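[1] The following comprises the amino acid sequence and a computationally predicted model.
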Amino acid sequence: MSRRQARELAFKVLFQADVGRNPWQEVLPRTLAEVDLPEKSRAFLTASVQGTVAHIKEIDAIIARYAVDWPLERMANTDRNVLRLAVHELLFMPEIPVSVTVNEAVELAKRYGDEDSGRFVNGILGSIIREMKPEKNATPPS
């Protein structure tokens, strides 16, 4: 349960950095100070945010390739940030099963997005996964 909470907090940090234009380097420590998470969950949250931000151009390019007719700037803010977090997990966190990444992303999209967000996120991630090599940490499709 604590990894789920950490993933949700990572989404919130990314959302605040993206939509609120708050530097993630300020939002992350503030978020960590406000919650009581086990150390492993804190590390997961930090790695998720830092990794997503570090690879944001690559992640956004992948999302843009599969979000046909939905440029990133037109995409719902929640959907864009849920997808960023999930694509980071798919590409750079091989220890997390693909099914867990997708299920968690869809749940976040349903919780914070609109009525179509869960299906939208699921569809984009499904398209990305179908083209990925069996190894989760394989080179992303180009």
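    Yep, it's here.
[2] Packing partners of the lengthiest helix in the chain?
    Criterion DSSP state H: the longest helix present in the chain is helix 2-19. With contacts taken as 3 or more C-beta pairs under 8 Å, 6 or more residues apart in numbering; DSSP states H and E, helix 2-19 sits against helix 24-34, helix 39-54, helix 77-92, helix 98-112. C-beta here means a position set from N, CA and C on the backbone, and glycine is covered the same way.
[3] what stretches of the protein score poorly on pLDDT?
    Applying pLDDT under 70 to the chain flags residues 1, 133-142.
[4] If we use 50, what do you get?
    Residues of the chain meeting the criterion pLDDT under 50: 134-142.
[5] thinking again about what came up before, would TSV of the helices and strands packed on helix 2-19 with distance to Asp69 be doable?
    Compiled in TSV, these are given as follows (distance: least, C-beta to C-beta, whole Å):
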stretch	distance to Asp69
helix 24-34	29
helix 39-54	24
helix 77-92	14
helix 98-112	18
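[6] follow-up on the earlier one: ok, residues contacting the longest helix of the chain?
    22-24, 27-28, 31, 35, 37-38, 40-42, 44-45, 48-49, 52-53, 77-78, 80-82, 84-85, 104, 108, 112 (C-beta atoms under 8 Å, 6 or more residues apart in numbering).
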